[in-house]
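**Student:** how would this look folded up:
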Amino acid sequence: MSQKNETTILVLALLITAGLVGGGIWWFTHQFGGLTDVSNNRSQQGVESNNETFAQVKGVPSGLFSYGGSTTWAPIRQEVDSVIENVWPQFRLRYTQPTNEAPGSGTGIKMLLNNQLAFSQSSRSIKTQEQQQATQLGFSLKQIPVAIDGIAIAVNPNLNIPGLTIAQLKEIYIGKLTNWREVGGPNLPIAPYSRRLQDSGTVEFFAANVLGGENFADKVMFIPTTTEAIRQLANNPGAIYYASAPEVVSQCTVKTLPLGQTPDKLISPYQLPFVPLSQCPDKRNQLNISAFQSGQYPITRNLFVIVKQDGQFDEQAGNAYAKLLLTAQGQELISKTGFVRIH
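**Tutor:** Below you'll find the predicted structure:
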């Protein structure tokens with residue numbers, strides 16, 4: 001056999017082998033869940049991280065980076081960011097509040113669009129109009145989920161009620177239910193509290209996902225902070241308020257209610273059994289982490305790092321910050337602040 005024929009046979013053999021291997025890979029991925037598609041989707045969302053510690057993250061830039069946004073993120077800023085700066089002292093972070101507006105997810109994204117921040121923190125998804133505004137400015141916004149949060153419903157600790165359905169909660173805040181006896185409680189007027197829509201990503205999420213876009217009732221009392229709301233609830237037996245679960249579940253002066261789609265399937269935001277508030281602060285109620293992770297609890301959401309995709313230094317800072325939070329070390333620290341790890 002000539003050398004030319006031997007070469008031809010060898011090439012054909014290699015092509016056949018490559019085809020068999022490729023076909024096998026195609027069959028495996030389609031039979032067992034489309035692993036390639038899952039990997040690509042995670043990459044597009046920016047949620048993958050193979051690092052165990054902050055020190056292993058690559059591409060962390062040097063400089064002073066302003067960031068801002070959601071007040072829900074406050075525990076993460078206080079606990080996690082200081083550890084990041086200890087490991088990466090050249091990656092300096094400065095939380096920046098708006099000058100003429102209340103801090104929140106919406107104002108943080110607005111400041112990011114106005115080039116006042118390197119990246120932002122949000123307790124809600126990017127809105128269509130925000131993405132459109134970014135496009136008009138010549139870039140896009142990316143949201144990277146890094147933690148899971150739930151919205152808990154807090155009431156006065158003396159209110160005797162087993163829980164609420166999502167439909168009942170909506171009717172309270174749009175004004176159709178005005179007395180606790182209408183939902184199995186005492187003959188007592190309901191006093192609903194909320195932060196203002198323009199001040200909070202939590203309120204925006206609540207309005208969209210619980211109220212379905214309907215307006216708050218005229219009798220809803222708007223207050224500036226969750227701290228003030230907790231004070232009001234402790235002194236008003238008919239009061240009700242909603243907030244990020246870590247902010248209220250472990251409080252000693254209010255209690256949180258189980259929620260469900262139907263009255264027979266109420267899920268508590270706290271771990272059972274309920275710890276009586278008389279034992280607080282020695283013992284506190286803890287988050288029902290498994291219900292938040294599984295989505296069994298009816299009002300859950302992601303916390304996002306919002307990154308401006310413009311190829312500039314700030315984009316690198318935002319991506320690095322998200323990667324740090326998605327390491328095993330970052331996720332463990334997030335869980336210690338009261339939020340639920342995303343992986």
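
**Student:** show me what the one helix or strand Lys110 maps to is packed against.
**Tutor:** Element membership of Lys110, judged by DSSP states H and E, is helix 105-113. Using 3 or more C-beta pairs under 8 Å, 6 or more residues apart in numbering; DSSP states H and E, the elements in contact with helix 105-113 are strand 63-69, strand 119-122, helix 128-136, helix 201-209, strand 300-309. (C-beta placed from N, C-alpha, C; glycine too.)

**Student:** I would like the residues contacting it, please.
**Tutor:** Contacting residues not belonging to helix 105-113 are listed as 68-70, 72, 96, 98, 101, 117, 119-124, 126, 130, 133-134, 137, 141, 198-202, 204, 306, 308 [C-beta atoms under 8 Å, 6 or more residues apart in numbering].

**Student:** what's the answer for stretch 77-85, then?
**Tutor:** Residues from elsewhere that reach stretch 77-85 (C-beta under 8 Å, 6+ apart): 54, 91-93, 95, 121, 321, 324-325, 329-330, 333-334, 336-337.

**Student:** nearest to Ile240, of those?
**Tutor:** Using C-beta to C-beta, Thr337 is the member of the contacts of stretch 77-85 that lies nearest Ile240, at 25.4 Å.

**Student:** now do stretch 124-131: distance from first to last residue.
**Tutor:** Terminal residues of stretch 124-131 lie 14 Å apart, using C-alpha to C-alpha, to the nearest Å.

**Student:** oh sorry, the question was meant for stretch 114-130
**Tutor:** 11 Å.

**Student:** list the buried residues of it.
**Tutor:** Of the residues in stretch 114-130, those buried under the neighbour-count criterion (16 or more other C-beta atoms under 10 Å) are 116-126, 130.

**Student:** which pair in the residues you listed spans the largest distance?
**Tutor:** Using C-beta to C-beta, those span at most 21.0 Å, a distance reached by Gln116 and Ser125.

**Student:** so Pro192 belongs to a strand, correct?
**Tutor:** Yes. When the secondary structure is assigned by DSSP: H, G, I helix; E, B strand; the rest coil, Pro192 falls within a strand.

**Student:** around the closest residue to it other than its chain neighbours, how many other residues sit close by?
**Tutor:** Counting by C-beta to C-beta, 6 or more residues apart in numbering, Pro192 lies nearest to Val220, which is 4.9 Å off, once chain neighbours are set aside. Neighbouring residues of Val220 were enumerated by other C-beta atoms under 10 Å; the total is 17.

**Student:** got the phi/psi numbers for Leu259?
**Tutor:** When read as degrees, to the nearest 10, the backbone of Leu259 gives phi -130, psi 160.

**Student:** quick one: contacts for it?
**Tutor:** Neighbours of Leu259 in contact, by C-beta under 8 Å, 6+ apart: 153, 163-166, 169, 266-267, 269, 297-299.

**Student:** try it again with 6 Å
**Tutor:** Neighbouring residues of Leu259 by C-beta atoms under 6 Å, 6 or more residues apart in numbering: 164, 298.

**Student:** same thing with the one 10 residues further on?
**Tutor:** Pro269 makes contact with 150, 152, 245, 249, 256, 288, according to C-beta under 6 Å, 6+ apart.

**Student:** distance of the first one relative to Ser294?
**Tutor:** What that stands for is Gly150. Separation of Gly150 from Ser294 (C-beta to C-beta, to the nearest Å) stands at 11 Å.
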